[in-house]
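In: Quick one: sequence plus predicted model below, questions after.
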Amino acid sequence: MRHHLILRVVTKMLVGTIFLFALYVQFHGDYSPGGGFQAGVIMAVGFIIYGMIFSLKKVQLVFPPWLVHKLLALGVLLYAGTGIYSLLAGYAYLDYAALSPHHPEHGQHYGILIVELGVGITVTGVMVAIYYAFAARTPIMSDEEW
Amino acid sequence: MLTATALAVIRTQSLFATVMLSGAFRFVSALLLMTLDAVDVAFTEAAVGAGISTVLMLGTMSLTARFETPSPRTSIAPFLVVCVTGAVLIYGTLDMPNFGAADAPVQTHVGPDYLSRSPHEIGVPNVVTAILASYRGYDTLGETAVVFTAGIGVLLLINGLRRRRRDGETDPDEDERGSA
C-alpha cells in the first residue's frame, strides 16, 4: 500500500499508542476491565496493522517469525511454570500464595500479573503467527483492486 | 440496529462490505454487553470480535474472490430451520428469570461468595480478573492451552502445505488458485 499516504501517516502515529494501550490493558487488568486476552489481541493488532500498511517484510524484521513461534510456547510455559513453582514451594498447583508466603495477598497479585502476562504473550503470538501464515501465503491482491 | 446490520450482512454480495458490516455488528453487540454492565466481555467482543477477526477476514479475503456467487437455489429449507431454531431459543428464554431479578441463580449461587471473599483473599479490585486468574486458574490455563493449540494447528495447516509444495510435489489447490 505504498501510495496510501494518509494510511501510512496515521498508522505511524497510532502504532505506538496501540502498543502503549495494550501494555496498559495488560498490567492494569487488576484494576480496570481487561487482561491478558484483550491485551494480547491489541498488541497483535499493532503488529498486524504495521504489516498491512507497510509490508510483511518490514514487520518481520521487527518481529521475526521464529520469535513469534517461541513466544507461542513461552506464554503457556510461563503460566504452567507458575503452577509448578507453587507446587515445588509446597502449595497447591496455581496457588499464588506461594509467590509471597508471608503475605498471601501480595502473592495473589504477583501470580495474577505473571499468569496474565503468560496469556497475553501466547495470544499475541498466536494472532501474529496466524496473520503471518495468511499474509505469506500468496501475494496480496494489488492495491487497485480494493 | 443489530437486526438491521445482520440483514445487511446477508443481503450484500460484496465480501468486503460483508466483512466490514460484520465488524459493525460486533461493535453493536459490544455496546449491548456494555449496557448489561459486562464491561470485560464487551471489551473482549470489541477487541477480538470487531478488531482481530475483521482483520483476519480481510486477510483471508485477499486470497479469494471479492464477490460471492449468488446461489441459484431458493432457500426455503434453511429459512425454515432458522425459524424453528429461533422459536426454540425464544421458547427457552421464557423459563429464564427476569432481567436483574434478585433471586436469579446467577445472583444467589457462587456470585455473592466471590464478591464477598475476593477483596480480602485476593485484594484485586477487578473481581473478574480475580475470578479468571485465581479462583478459576485451571480454566484459564486450559483456555491458554486451547489458544496455543489452535495457533499451532493453523500454522501446521498453512505452513506445512507450503513446505510440501517447495519440495516439488504438486498440490491440487495451487492450480485452482492459479486460474482463479
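Out: Thanks, I have the structure now. Numbering: from 1, shown residues only, chains lettered A, B, ... in the order given.

In: okay, CA-based contacts and neighbour counts for the rest of this
Out: Noted.

In: Enumerate the residues of chain B near chain A.
Out: Taking C-alpha under 8 Å from any C-alpha of the partner chain, the part of chain B that reaches chain A is made up of B:39-40, B:43-44, B:47-48, B:51-52, B:56, B:59-60, B:62-63, B:120-126, B:129-130, B:133-134, B:137-138, B:141, B:144-145, B:147-148, B:150-152, B:154-155, B:158-159, B:162.

In: all helices for chain A, in order.
Out: Per DSSP state H, chain A carries helices over the ranges A:5-27, A:36-53, A:56-62, A:65-88, A:104-135.

In: Using JSON lines, lay out the ones you listed together with distance to chain B, mean neighbour count and mean pLDDT.
Out: Below are these laid out as JSON lines (distance: least, C-alpha to the nearest C-alpha, whole Å; neighbours: other C-alpha atoms under 10 Å in any protein chain shown; pLDDT from 0 to 100):
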{"stretch": "helix A:5-27", "distance to chain B": "10", "mean neighbour count": "16", "mean pLDDT": "88"}
{"stretch": "helix A:36-53", "distance to chain B": "6", "mean neighbour count": "24", "mean pLDDT": "86"}
{"stretch": "helix A:56-62", "distance to chain B": "12", "mean neighbour count": "14", "mean pLDDT": "85"}
{"stretch": "helix A:65-88", "distance to chain B": "6", "mean neighbour count": "19", "mean pLDDT": "87"}
{"stretch": "helix A:104-135", "distance to chain B": "5", "mean neighbour count": "25", "mean pLDDT": "85"}
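
In: Tell me which of those sits nearest to residue B:24.
Out: Closest to residue B:24 of the helices of chain A, according to C-alpha to C-alpha: helix A:36-53, at 17.3 Å.

In: Which PyMOL command selects the buried ones in the residues of chain B next to chain A?
Out: Of the residues of chain B next to chain A, the buried ones can be selected in PyMOL as follows, counting by 16 or more other C-alpha atoms under 10 Å in any protein chain shown:
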select buried, chain B and resi 39+40+43+44+47+48+51+52+56+59+60+62+63+122+123+124+126+129+130+133+134+137+138+141+144+145+147+148+151+152+154+155+159
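
In: Among the residues of chain B next to chain A, which lie within helices?
Out: Residues from the residues of chain B next to chain A lying in helices, with DSSP H as the criterion: B:39-40, B:43-44, B:56, B:59-60, B:120-121, B:129-130, B:137-138, B:141, B:144-145, B:147-148, B:150-152, B:154-155, B:158-159, B:162.

In: and residue 33, backbone torsions?
Out: Using chain A. phi -60, psi 150 (degrees, to the nearest 10).

In: Equivalent analysis for residue B:136, please.
Out: Per degrees, to the nearest 10, the backbone of residue B:136 is at phi -110, psi 40.

In: how deep is the closest residue to residue B:14 other than its chain neighbours tucked in, by neighbour count?
Out: Nearest residue to residue B:14, sequence neighbours excluded (C-alpha to C-alpha, 6 or more residues apart in numbering or on different chains): residue B:67, at 4.7 Å. If you count neighbours by other C-alpha atoms under 10 Å in any protein chain shown, residue B:67 ends up with 14.

In: Right, I'll leave it there.
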